[in-house]
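>>> please work out how this folds:
(one chain, ligands or ions: 2)
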Amino acid sequence: MSNGANGPALEAIDLSKGFHQGDTRLTVLSGLNLSVQPGERIAILGPSGSGKSTLLHCLAGLDEPDAGTVSVGGQRLTGLVADAQARLRSRYMGFVYQAHHLLPEFSAAENVAMPLRIRGQSQRSAIAEATTLLDRVGLSERLRHRPAQLSGGERQRVAVARALVNRPAVVLADEPTGNLDRDNADRIFRLLIELSESSGTAVLVVTHDPTLCNRMHRSVELRGGALQARPDLAGT
Ligand code: ADP
Ligand code: MG
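Ligands and ions are numbered 1, 2, ... in the order given. Modelled structure (predicted):
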């Protein structure tokens, strides 16, 4: 796997983040700690508005925490200039969003190849790798389709392939199955698990679905700005 460093794939220490709303201040994250081991799969739960997306944005360096630090692959992300953060992101992280965020004017294969192209890989070898991965997610007949020509479930499978194509140390997924029916949601989770296992990628996924939570190694709940361990829901 690409995370050569020992220690956590992703680590947040004493993270705090708030927003100004008029003259009041809304505290969203407050002294939050999280350590994600290489290959570990963690579900994050919490009611709407509890700060799950804010947390993922801070972990990705897409939003700057007010205090605390984030490290990825053993390297400090917090405090770096935007360019350096972007380089660390593209080297160590993959993302899956609730809405797929695929580039509409590119084919499925081109979308999956994009992270490899950004890292300087040739078009030919990037497309070859993308094709192999799309085959694994059951989309070998859809390589040239554009996102608008795919079903919701197919688009999310493309998004999962894209997030994992460069074997990142960690994938962050924000309600990746929120718009899908049960069968498609199951399939997305199976793919996330399968692909992450073969690349040693850690997975941090926000989901409301207790069945899907049970497929993770552990689940945590975001409450009062911090993460609390959640008991196993075996049997649900
Ligand atoms: P979740 O993903 O758990 O539903 P969010 O992280 O999206 O929650 O939002 C947490 C809280 O922070 C919400 O109350 C939301 O209104 C507020 N919030 C999120 N982003 C901003 C922002 N850019 N400016 C002001 N408030 C924000
Ligand atoms: Mg959210």
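
>>> which residues touch Glu110?
103, 127, 130 (Cβ atoms under 8 Å, 6 or more residues apart in numbering). In this view, the C-beta of every residue, glycine as well, is placed from N, C-alpha and C.

>>> kindly report the same for Leu143.
By Cβ under 8 Å, 6+ apart, Leu143 lies in contact with 107-109, 131, 134.

>>> related to what we said a few turns ago, in helices, which of the contacts of Glu110 appear?
Counting by DSSP state H, the contacts of Glu110 place 127, 130 in helices.

>>> among the contacts of Glu110, which one is most surrounded by other residues?
Neighbour tally across the contacts of Glu110 (other Cβ atoms under 10 Å): the maximum, 26 neighbours, falls on Ala130.

>>> lowest-confidence helix or strand of the protein?
Lowest mean confidence among the helices and strands of the chain (mean pLDDT, DSSP states H and E): helix 210-213, at a mean of 85.

>>> which element follows that one toward the C-terminus?
Later in the chain than helix 210-213, the nearest helix or strand by DSSP states H and E is strand 218-223.

>>> that next one: which residues count as buried?
Buried residues in strand 218-223, counting neighbours by 16 or more other Cβ atoms under 10 Å, are found at 219-222.

>>> adding distance to ligand 2 and pLDDT as columns, could you present the residues you listed in TSV?
Formatted as TSV, the buried residues of strand 218-223 follow (distance: Cβ to the ion, whole Å; pLDDT from 0 to 100):
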residue	distance to ligand 2	pLDDT
Ser219	16	95
Val220	15	96
Glu221	14	96
Leu222	10	97
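
>>> closest to Thr78 out of those residues?
Thr78 lies nearest to Leu222 out of the buried residues of strand 218-223, by Cβ to Cβ, at 19.2 Å.

>>> make sure the closest one is actually in contact with Gly49.
No - between Leu222 and Gly49 there is no contact under Cβ atoms under 8 Å: 10.2 Å.

>>> where do the strands of the protein begin and end?
10-21, 24-36, 41-45, 67-72, 75-76, 93-96, 170-174, 202-206, 218-223, 226-229 (DSSP state E).

>>> mind checking which of those strands is nearest ligand 1?
With Cβ to the nearest ligand atom as the criterion, ligand 1 lies closest to strand 10-21 of these, at 3.4 Å.

>>> now do the closest one: which elements does it pack against?
Packing contacts for strand 10-21, counted by 3 or more Cβ pairs under 8 Å, 6 or more residues apart in numbering; DSSP states H and E, involve strand 24-36, helix 52-60, strand 67-72.

>>> out of the ones you listed, nearest to ligand 2?
Checking the helices and strands packed on strand 10-21 against ligand 2 by Cβ to the ion gives helix 52-60 as the closest, at 3.2 Å.
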